[in-house]
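Colleague: just the structure for this:
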Amino acid sequence: MSRINTNVQSLIAQRVLGQNNGQLNKSLERLSTGLRINRGADDPAGLIASENLRAEKSATGAAIANASRAEQVVNIAEGGLQEIAGLLNEVQGLVTATANDAGLSLDEKQANQLQIDSMLQTIDRLSNSTSFQGTKLLNGTFDFRTSSIASELNGFKVNGAKLRFGGKLDVDVLVTQSAQQAGFFVSFGGAQIDLGSAETFVFEVAGALGSRQLSFASGTALSAIADSINTFKEVTGVSALASGGGILIKSLKFGSDEFVRVKVVDDGKITGTGIGVFSLSSQNANAVDVASLETFTATPVQNGLTDKGQDVGATINGVVAVSDGTKASINTDFLSVEVDLVASGGVNPDAITLGKINAFTITGGGADFQLAPQVDIAGKVNIGIGNVAARNIGKTTSNDPITGSAFNVNLSDLAGGKRLNVVGGDLVAAQVSVESAITEVSILRGRLGAFQKNIIGATIRSLGVSLENTTAAESAIRDTDFASETAQLTRTQVLVASTTNVLGIANNQPQTVLQLLG
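Modeller: A predicted model of the protein is given here:
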């Protein structure tokens, strides 16, 4: 057909040219921006997926920054604790040196006391000055706040707890097994021992700390025998009490690591009825198991009769606890606590009552770090850092060497004029307090080190891999494949040039009709 009013071929060429120009512009845009998806129309589903991945990348990057910031906080806290640990070691040395009483003058002791005073002041200063951007790290700012503390607790420590915003957490302890001391009842059948003439009763008492062999003549009062055993209780870990015609011998502490061993070396031809070594009742550590008598001449007693203590059995918030004597602890992702239970003081005063204890309530506190891209309780980690001032560490209970009464002390009691000063104070209790403080600071440093290595370090590595993979996935969806797009550009350029040429031919086509007019 030959028409001039409507040039269909030209219209077709114009449409194709427009399409090719559009594709050319899209290729140029992709190559210039580096993105395959520049607007929703390019790939709606791909845009949604890539925007979600971009959000994940942003959150993951922020979590990595959070973890790095957490590591910086822990590094500063560790630096302060390291200095405090060094000072405590020096205090320990000064206490030991000052105990050399006959070899030191009063002036030297006072000089040592001045050094200890300055070290205690430095420990307090470090606990109040170690900070990160103005936030104090070692003065209890990051310790946990608690309330409703049960009377059944001798002490407790919260190392970590995840709390929802504004929430609280009740800590419940279910005691399933009572802690026990090791012990025996050694019966002599009267208020004093009755031996043959020129005979001595020789027996050995041993505990977790050591052993001593003791000898007694006929007529020695049971109270004197108990006093002799108690003289060495800091060496043996065993104490004694004269009671009901015999001696009740028990370990100083509770737990499976404690034991009492009684060995009769020479019974001194002792006479009497109902004499020998009795085990203690499994239900009451102050009651004798009357059916367990072993005479002084029995082979087990001659070789050494041993009884071991027992650790408390408990669950804390439904998790089976690790036990050590009267202490029970759990360490989970959501809760890390340790509790020290006290004896009931009832019919069996040395027993820990079985059953549920509403121990305490955690109302807040701790150092919270957001180490996951998703902001929720699972992505948060928490660690408690207590106050390490001298008055808050080295807390122990000691017995007055004269009156025998118990008293509570802490590291600050080593200061001049206080109960544990090295000039005229109780150096045995002082060393125990310093050792306790060293242990507390070392444990805190260990917890911070484990937190830094196993939680922060592992989190940073894991998040780094996640960021790489998320970035790769987002790039695969959204970024331009330059090899493919360059090939597409070349193809489109050729098509545009070809279509432009065809359009020119189509526009000249109607002129051939003029030849029909002659």
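
Colleague: which stretches of the protein form helices?
Modeller: 8-33, 44-98, 106-129, 222-231, 233-236, 299-303, 427-450, 458-478, 482-508 (DSSP state H).

Colleague: mind listing what's buried in the fifth one?
Modeller: Neighbour counts over helix 233-236 (16 or more other Cβ atoms under 10 Å) mark 233, 236 as buried. Glycine gets a C-beta too; all of them are placed from N, C-alpha and C.

Colleague: using CSV, list the CA coordinates for that helix.
Modeller: In CSV, the C-alpha atoms belonging to helix 233-236 read as follows (Å, rounded to 0.1, in the frame of the first residue of the first chain):
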residue,chain,number,x,y,z
LYS,A,233,41.9,-25.3,114.7
GLU,A,234,43.4,-22.7,112.4
VAL,A,235,46.0,-25.4,111.5
THR,A,236,43.7,-28.4,111.2
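
Colleague: which one of the helices of the chain lies closest to residue 251?
Modeller: Closest approach to residue 251 among the helices of the chain is made by helix 233-236 (9.2 Å; Cβ to Cβ).

Colleague: just checking, what packs against the closest one?
Modeller: Judged by 3 or more Cβ pairs under 8 Å, 6 or more residues apart in numbering; DSSP states H and E, the packing partners of helix 233-236 are strand 211-217.

Colleague: can you list the strands that the strand it packs on pairs with?
Modeller: In its sheet, strand 211-217 lies beside strand 200-206 (antiparallel), with partners assigned from DSSP bridges.

Colleague: low-confidence bits of the chain, can you list those?
Modeller: Applying pLDDT under 70 to the chain flags residues 1-4, 344-351, 399-405, 513-514, 518.

Colleague: residue 364 - how many residues pack around it?
Modeller: Other residues near residue 364 come to 14 when the count uses other Cβ atoms under 10 Å.

Colleague: doesn't residue 161 make contact with it?
Modeller: No - with contact defined as Cβ atoms under 8 Å, residue 364 does not reach residue 161; the gap is 9.3 Å.

Colleague: which residues do the two both contact?
Modeller: residue 144 (Cβ atoms under 8 Å, 6 or more residues apart in numbering).

Colleague: thinking again about what came up before, adding distance to residue 313, write the helices of the chain out as JSON lines.
Modeller: Shown next, in JSON lines, are the helices of the chain (distance: least, Cβ to Cβ, whole Å):
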{"stretch": "helix 8-33", "distance to residue 313": "67"}
{"stretch": "helix 44-98", "distance to residue 313": "33"}
{"stretch": "helix 106-129", "distance to residue 313": "36"}
{"stretch": "helix 222-231", "distance to residue 313": "30"}
{"stretch": "helix 233-236", "distance to residue 313": "27"}
{"stretch": "helix 299-303", "distance to residue 313": "28"}
{"stretch": "helix 427-450", "distance to residue 313": "23"}
{"stretch": "helix 458-478", "distance to residue 313": "33"}
{"stretch": "helix 482-508", "distance to residue 313": "68"}
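
Colleague: how about the nearest residue to residue 308, chain neighbours excluded?
Modeller: residue 259 (4.7 Å; Cβ to Cβ, 6 or more residues apart in numbering).

Colleague: any idea how many residues pack against that neighbour?
Modeller: 19.

Colleague: and of the helices of the chain, who's closest to residue 265?
Modeller: helix 299-303 (8.3 Å).

Colleague: name the residues that touch the closest one?
Modeller: 262, 263, 264, 276, 277, 294, 295.

Colleague: filter these down to the ones in strands?
Modeller: Applying DSSP state E to these, the entries found in strands are 262, 263, 264, 276, 277.

Colleague: just the buried ones from those residues?
Modeller: Among those, those buried by neighbour count (16+ other Cβ under 10 Å) are 262, 263, 264, 276, 277.

Colleague: how near is the first one to residue 301?
Modeller: Right, the one you point to is residue 262. Taking Cβ to Cβ, to the nearest Å as the measure, residue 262 falls 7 Å from residue 301.

Colleague: for the second one, same thing?
Modeller: Relative to residue 301, residue 263 is positioned 7 Å away (Cβ to Cβ).

Colleague: cool, and the fourth one?
Modeller: Residue 276 sits 7 Å away from residue 301, going by Cβ to Cβ.

Colleague: kindly report the same for the last one.
Modeller: For residue 277, the distance to residue 301 under the criterion Cβ to Cβ works out to 5 Å.

Colleague: could you tell me which residues touch both of those two?
Modeller: 262, 264, 294.

Colleague: hang on, isn't the second one packed against residue 203?
Modeller: Meaning residue 264. Yes - if you go by Cβ under 8 Å, residue 264 and residue 203 touch, sitting 4.7 Å apart.

Colleague: shouldn't the residue nearest to residue 308 be in contact with residue 182?
Modeller: Yes - Residue 259 lies in contact with residue 182 (Cβ under 8 Å); the separation is 4.8 Å.

Colleague: what touches both of those two?
Modeller: Contacts common to residue 259 and residue 182, judged by Cβ under 8 Å, 6+ apart, are 207, 251, 307, 308, 309.

Colleague: which one among these gets closest to residue 48?
Modeller: The closest of the shared contacts of residue 259 and residue 182, once distances to residue 48 are taken by Cβ to Cβ, is residue 309, at 65.1 Å.

Colleague: check contacts around that closest one.
Modeller: Per Cβ under 8 Å, 6+ apart, neighbours of residue 309: 179-182, 251, 253-259, 325.

Colleague: one step back: which of the shared contacts of residue 259 and residue 182 lies closest to residue 391?
Modeller: Out of the shared contacts of residue 259 and residue 182, the member with the shortest distance to residue 391 (by Cβ to Cβ) is residue 251, at 30.5 Å.

Colleague: the closest one pairs with what?
Modeller: residue 238.

Colleague: I'd say it and residue 261 touch.
Modeller: No - counting by Cβ under 8 Å, residue 251 does not reach residue 261; the two are 10.3 Å apart.

Colleague: and these two? Which one has more around it.
Modeller: A count of neighbours by other Cβ under 10 Å puts residue 251 above the other of residue 251 and residue 261, at 27 against 19.

Colleague: tell me how far residue 306 lies from residue 164.
Modeller: 50 Å.

Colleague: out of the shared contacts of residue 277 and residue 301, which is nearest to residue 431?
Modeller: Nearest to residue 431 among these, with distances taken as Cβ to Cβ, is residue 262, at 29.2 Å.
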